[in-house]
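Chemist: 3D, please:
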Amino acid sequence: MEKSYIEHKLKHNASRTLSLAKWLVFSILMGLLCGVVGAIFYKGVALATAARMAHPWLLFLLPVGGCAIVFLYRRMGFQKAIGTNLVLDAIHSGDVIPLRLSLLIFLSTIFSHLSGASVGREGAALQIGGSLGQNVGKLFKFDENDRNTITMCGMSAVFSALFGTPIAASFFSMEVVSVGIMHYAALVPCVLSSVIARAIASRLGAPAPFYDIAKEIPAASILTVSKAALLACLAGLVSILFVLALHGASAMEKKFFSSRYVQALIGGLVLLLLTFLTGFDAQRYNGAGVQVIADAMKGQVHGYDFLLKILFTAISIACAYKGGEIVPSFYIGATFGSAFASLIGLPPALGAAVGIGALFCGVTNCPVTALLICFELFGMGGWTYYLIGVALAYVVSGYFGVYSSQTIVYSKYRSNYINKSTHM
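Modeler: Sure thing, here's the model as predicted:
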């Protein structure tokens, strides 16, 4: 009996050792692959953005750009809108994401930024990484569970390479799939691939953003924390508005125009008109808006910036442009937080930082990732404000979210199992 037990333990330990060795190898592989892809993608988006800013006439592509993307996707066999939801669906169902999706989202996102659509980059990063991970798993004949793990591994790696937040990226793919639980089986692969991908991308010229706001953070007191808490609660409500706008714009286009091409054309024309009305040369609401996020740290924002960014992004996503909603959520959070902080007597930089964490948490339902993003972007000095802000936004935002395929496994308000999809 004792011998049998020892043999069983030895086999079990050997199995765990082999599993760890396997994931060490594939984590390094995914980190190297995704680091290179992420760096190339970063440079492609940067070049497209620089070209558009230098040649504003490229904005005239807006009415036809969405049509071109619809045509390209249909030509490649995708009849419906494809986004991050496809990756989440694949993890839930075990389906394999076609490898050609990586190339499609890569090219269409760069073209979206060249045209001036109000989209981000990290949504595309999740799709590219998820597709690469899935197909590596398929190539090496992984079973469904291991394929899900390497999918999350790829998502973390490209997110880390592109955005420069390896800690947050490690946890995001584990947290975003099912709200209320964390897929810790993927912890080692996600962490290793994320760190390696960031190191590779950094070597290849993709910088990691950091906003030094340490001198702008006041000592925590009941008054300052209460003000930040109020800001976070309102940001949670703004995140609901953003989600509803994304859903509403798509629903409205489908209601009035049955053809996907007509939807893209009309949406692009509306975007072009809005760009003329808000400043054709400034392009304040086009593209990712990274410069406006930096301006928000200095308090150089308008009180309506966040509303116009919501409008631009909702229309851009509705008319088929690709890229994602994450960086726009940073823009919305930063501009809202900065403007509101100025009204209530908080430093704009702190308001922008709390706003970013709160908005991101509200639209993704990922509080751990949101907190880690704040730490990596702004440092640890404002941890009290970030922690409270993210927690309150998580609760206030309810069951809304930008990813309709995301599952709320456990309630946000009681310790009970609910297993429902997010509202859109």
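Chemist: Every contact and neighbour count from this point should use C-alpha atoms.
Modeler: OK.
Chemist: so L271 touches L62, yeah?
Modeler: Yes. Under the criterion of C-alpha atoms under 8 Å, L271 makes contact with L62 at 7.0 Å.
Chemist: what touches both of these two?
Modeler: A117 (C-alpha atoms under 8 Å, 6 or more residues apart in numbering).
Chemist: Report the rounded mean pLDDT for stretch 365-381.
Modeler: In this model, stretch 365-381 carries a mean pLDDT of 97.
Chemist: chain center to it, what's the gap?
Modeler: 13 Å (C-alpha atoms, centre = their mean, to the nearest Å).
Chemist: Check stretch 254-267 too.
Modeler: Worked out by C-alpha atoms, centre = their mean, stretch 254-267 lies 26 Å from the chain centre.
Chemist: What are the buried residues along it?
Modeler: R260, Y261, V262, Q263, A264, L265, I266, G267 (16 or more other C-alpha atoms under 10 Å).
Chemist: Would you reformat the residues you listed as JSON lines and include secondary structure?
Modeler: What follows is the buried residues of stretch 254-267, written out as JSON lines (DSSP: H, G, I helix; E, B strand; the rest coil):
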{"residue": "R260", "secondary structure": "helix"}
{"residue": "Y261", "secondary structure": "helix"}
{"residue": "V262", "secondary structure": "helix"}
{"residue": "Q263", "secondary structure": "helix"}
{"residue": "A264", "secondary structure": "helix"}
{"residue": "L265", "secondary structure": "helix"}
{"residue": "I266", "secondary structure": "helix"}
{"residue": "G267", "secondary structure": "helix"}
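Chemist: Which of the residues you listed sits closest to S405?
Modeler: R260 (21.8 Å; C-alpha to C-alpha).
Chemist: Roughly how far does the nearest residue to that closest one once chain neighbours are set aside sit from V45?
Modeler: Nearest residue to R260 in three dimensions, chain neighbours excluded: V70, at 7.3 Å (C-alpha to C-alpha, 6 or more residues apart in numbering). For V70, the distance to V45 equals 20 Å [C-alpha to C-alpha, to the nearest Å].
Chemist: circling back: quickly name whichever of the buried residues of stretch 254-267 is closest to V396.
Modeler: Among these, and counting by C-alpha to C-alpha, the member closest to V396 is G267, at 31.1 Å.
Chemist: Next one: the nearest residue to the closest one once chain neighbours are set aside from A68, what distance?
Modeler: Nearest non-adjacent residue to G267, counting by C-alpha to C-alpha, 6+ apart: C319, 5.3 Å away. To A68, C319 is 11 Å away according to C-alpha to C-alpha.
Chemist: swap in V409?
Modeler: 38 Å.
Chemist: Next up, the contacts around the nearest residue to G268 once chain neighbours are set aside.
Modeler: Once flanking residues are discounted, G268 sits nearest to P63: 3.8 Å by C-alpha to C-alpha, 6+ apart. P63 is in contact with A264, L265, I266, G267, G268, L269, L271, L272, counting by C-alpha under 8 Å, 6+ apart.
Chemist: Likewise for P207?
Modeler: P207 sits in contact with G164, A201, where contact means C-alpha under 8 Å, 6+ apart.
Chemist: tell me the SS of it?
Modeler: Strictly by three-state DSSP, P207 counts as coil.
Chemist: Name the next helix or strand following the strand or helix carrying T151 along the chain.
Modeler: T151 is located in helix 144-163, with elements delineated by DSSP states H and E. Proceeding C-terminally, helix 144-163 gives way to helix 166-176 as the next helix or strand, assigned by DSSP H and E.
Chemist: got the CA coordinates for that following helix in CSV?
Modeler: Only the C-alpha atoms of helix 166-176 are listed here, as CSV (Å, rounded to 0.1, in the frame of the first residue of the first chain):
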residue,chain,number,x,y,z
PRO,A,166,3.7,43.5,-18.5
ILE,A,167,2.3,43.1,-15.0
ALA,A,168,-1.2,44.2,-16.0
ALA,A,169,-1.0,42.3,-19.2
SER,A,170,-0.2,39.1,-17.4
PHE,A,171,-3.4,39.3,-15.4
PHE,A,172,-5.7,40.8,-17.9
SER,A,173,-6.2,37.7,-20.1
MET,A,174,-6.8,35.6,-17.0
GLU,A,175,-9.3,38.0,-15.6
VAL,A,176,-11.3,39.2,-18.6
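Chemist: Packing partners of the helix or strand S108 falls within?
Modeler: Using DSSP H and E, S108 falls within helix 100-115. Here helix 100-115 touches helix 2-54, helix 62-75, helix 122-139, going by 3 or more C-alpha pairs under 8 Å, 6 or more residues apart in numbering; DSSP states H and E.
Chemist: closest one to L237 among those helices?
Modeler: Going by C-alpha to C-alpha, the one of the helices and strands packed on helix 100-115 nearest L237 is helix 122-139, 21.9 Å.
Chemist: could you give the angle of that closest one to helix 144-163?
Modeler: Here helix 122-139 runs at an angle of 140 degrees relative to helix 144-163 (axes from the mean of the first three to the mean of the last three C-alpha atoms, to 10 degrees).
Chemist: how about helix 122-139: buried residues?
Modeler: Neighbour count says helix 122-139 has 122-138 buried, by 16+ other C-alpha under 10 Å.
Chemist: Stretch 416-424 - what's its average pLDDT?
Modeler: The model assigns stretch 416-424 a mean pLDDT of 79.
Chemist: and that stretch, C-alpha only, in CSV?
Modeler: Extracted in CSV, the C-alpha atoms of stretch 416-424 (Å, rounded to 0.1, in the frame of the first residue of the first chain):
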residue,chain,number,x,y,z
ASN,A,416,-23.3,34.0,-5.2
TYR,A,417,-23.0,32.3,-8.6
ILE,A,418,-24.9,34.0,-11.4
ASN,A,419,-23.2,33.0,-14.7
LYS,A,420,-24.6,35.7,-17.0
SER,A,421,-23.3,37.7,-19.9
THR,A,422,-22.4,41.4,-19.6
HIS,A,423,-24.9,44.0,-20.8
MET,A,424,-24.2,45.9,-24.0
